[in-house]
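Colleague: I need the structure of the sequence given here:
(one chain, ligands or ions: 1)
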Amino acid sequence: MAILPILHYPDPRLRRACVAVERFDGRLHELIESMVETMYEAPGVGLAAPQVGEAIRLLVYDPNPDPEARAARVVINPEIVLREGSVVGEEGCLSVPQFYGDVARAERIVVRFQDRDGTVHEEEYLDLTARILQHEIDHLDGVVFIDRMSALKRDILKRKIRKAAKAGDYTLTA
Ligand code: NI
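Modeller: I've put the predicted structure just below:
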């Protein structure tokens, strides 16, 4: 287990389309454990493999920030098979530290995915958990939440990030 460095937007490695996980072996389990540790350390409610430089379809999440009630979940090769409703909410991202923006997401989704051993599950997610899942699955397709903001708000945010980077208040990883 290790704390892994998190890539920051606009690192081009966040733009790669990730490939399916095919081997559910010890190496994968080690990466999962490190990602969970990295997520809690950050702290964040979700982390996708491309954020730590691994271009594979794997994410971890835990919507409960209470350290006493930790229950990290692992989602591999996810596919959203149903989307319902639309709700706007504020999002942040460990790859865009200190910046937040409103994004519209489906209110309810059903996701088919594999667990750490490769077993297939289908689960329903609502509200915050649905938002986390959609945000993290986007990462697997090279999409960052900024891309889903309105054009105007996105431009303002990008300008703020550039300014912060110039001032040394935002760390670039590439
Ligand atoms: Ni993110």
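Colleague: This protein: helices as residue ranges?
Modeller: Applying DSSP state H to the chain gives helices spanning 26-41, 127-140, 151-166.
Colleague: quick one, what contacts the residue positioned nearest the centre of the chain?
Modeller: Nearest to the geometric centre of the chain sits Glu136, at 3.0 Å (C-alpha atoms, centre = their mean). Listed by C-beta atoms under 8 Å, 6 or more residues apart in numbering, the contact partners of Glu136 are 46-48, 59, 61, 75. C-beta: built from backbone N, CA, C; applies to glycine.
Colleague: These in strands, which ones?
Modeller: Residues of the contacts of Glu136 located in strands (DSSP state E): 46-48, 59, 61, 75.
Colleague: do you know how far the residue in the chain sticking out farthest from the centre is from Ile161?
Modeller: Note on the chain: the largest separation between a C-alpha and the mean C-alpha position, by C-alpha atoms, centre = their mean, falls on Ala167 (26.5 Å). For Ala167, the distance to Ile161 (C-beta to C-beta, to the nearest Å) stands at 11 Å.
Colleague: before we move on, what about Ala48?
Modeller: 19 Å.
Colleague: of these two, who's got more company?
Modeller: Taking other C-beta atoms under 10 Å, Ala48 and Ile161 do not tie; Ala48 has more neighbours (28 against 21).
Colleague: Name the nearest residue to that one, ignoring sequence neighbours.
Modeller: In space, and not counting its chain neighbours, Ala48 is closest to His139: 3.5 Å by C-beta to C-beta, 6 or more residues apart in numbering.
Colleague: follow-up on the earlier one: tell me the confidence at the nearest residue to the residue nearest to the centre of the chain once chain neighbours are set aside?
Modeller: Spatial nearest neighbour of Glu136, excluding adjacent residues (C-beta to C-beta, 6+ apart): Leu59 at 4.1 Å. Leu59 is assigned a predicted lDDT (pLDDT) of 98.
Colleague: The residue nearest to Ala48: how many residues sit nearby?
Modeller: Residues lying near His139 (other C-beta under 10 Å) number 22.
Colleague: these two touch, right, it and Gln51?
Modeller: Yes. Here His139 reaches Gln51: they are 6.2 Å apart, a contact under C-beta atoms under 8 Å.
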